[in-house]
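Undergrad: one predicted model, sequence on top.
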Amino acid sequence: MASLTPLLANFGANELQLLSSYGDSRSYEPGDFLIRQGEDNEHLFLVLRGKIEVLQEVDGELKQVALLESGDSLGEVSVFDPGPASATVRAVSGAEVWHISKDSLDRLHTASPKVAYRLISRIATCLSHRLRTMNDKFVDLANR
């Protein structure tokens, strides 16, 4: 698994090999769904190749809210708080996506606490950046 994502930046080859053994890499064809809004999800996803779109249902129609490419991640919240997915995710092009479940992350923590901690720390940093960005947007909208 190549270190294409900021979540895996500065992980060594041995650490990446260890991580890859706890997750699963899958290929998706254009139009294939990775996640459907409302279905239970407990996975973190890393886009290794291709493009996927994040869609939300608005007034009965799916509207694109994000386009993710190699190096992007999604589902970070789901490995901490499994539950219904807040969006639908679909492959736009042929894509390869690595994913790890909450249970696999827990097993990784038992086997290699240091590697698990580094991954969890990176997830927390990613979520913090997203929260800060959303807070800034909220304040901007509130001050209009």
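TA: Great, that's in hand.
Undergrad: which residues in the chain form helices?
TA: 13-22, 102-111, 113-142 (DSSP state H).
Undergrad: mean confidence for the second one?
TA: For helix 102-111, the mean pLDDT works out to 93.
Undergrad: show me what stretch 20-27 is in contact with.
TA: 1, 48, 94-100, 104-105, 107-108, 111 (Cβ atoms under 8 Å, 6 or more residues apart in numbering). Placement of C-beta: from N, CA and C, glycine included.
Undergrad: may I see the ChimeraX selection of the buried members of these?
TA: Filtering the contacts of stretch 20-27 down to the buried ones (16 or more other Cβ atoms under 10 Å) takes a single ChimeraX command:
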select :1,48,95,96,97,98,99,100,104,105,108
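Undergrad: out of the contacts of stretch 20-27, flag the one nearest to Leu62.
TA: Ala95 (17.6 Å; Cβ to Cβ).
Undergrad: can you tell me how far the nearest residue to that closest one once chain neighbours are set aside sits from Leu18?
TA: Leaving aside its chain neighbours, Ala95 sits nearest to Gly50 (3.0 Å; criterion: Cβ to Cβ, 6 or more residues apart in numbering). Separation of Gly50 from Leu18 (Cβ to Cβ, to the nearest Å): 25 Å.
Undergrad: more neighbours: those two, which one.
TA: Gly50 (19 against 16; other Cβ atoms under 10 Å).
Undergrad: just checking, the more buried one touches Asp72?
TA: No. At 10.6 Å, Gly50 and Asp72 do not qualify as touching, with contact defined as Cβ atoms under 8 Å.
Undergrad: quick check, central residue of this structure?
TA: Among the residues of the chain, the one closest to the centroid is Leu74, at 2.1 Å (Cα atoms, centre = their mean).
Undergrad: list the contacts of that residue.
TA: When contacts are taken as Cβ under 8 Å, 6+ apart, Leu74 is in contact with Leu44, Phe45, Val47, Val54, Leu68, Val89.
Undergrad: which residues does it bridge with?
TA: Under DSSP bridges, the beta-bridge partners of Leu74 are Phe45.
Undergrad: quick one, the lowest-mean-pLDDT helix or strand in the chain and helix 102-111 angle?
TA: Using mean pLDDT, DSSP states H and E, helix 113-142 stands out as the lowest-scoring helix or strand of the chain, at a mean of 86. Angle, helix 113-142 to helix 102-111, by axes from the mean of the first three to the mean of the last three Cα atoms, to 10 degrees: 130 degrees.
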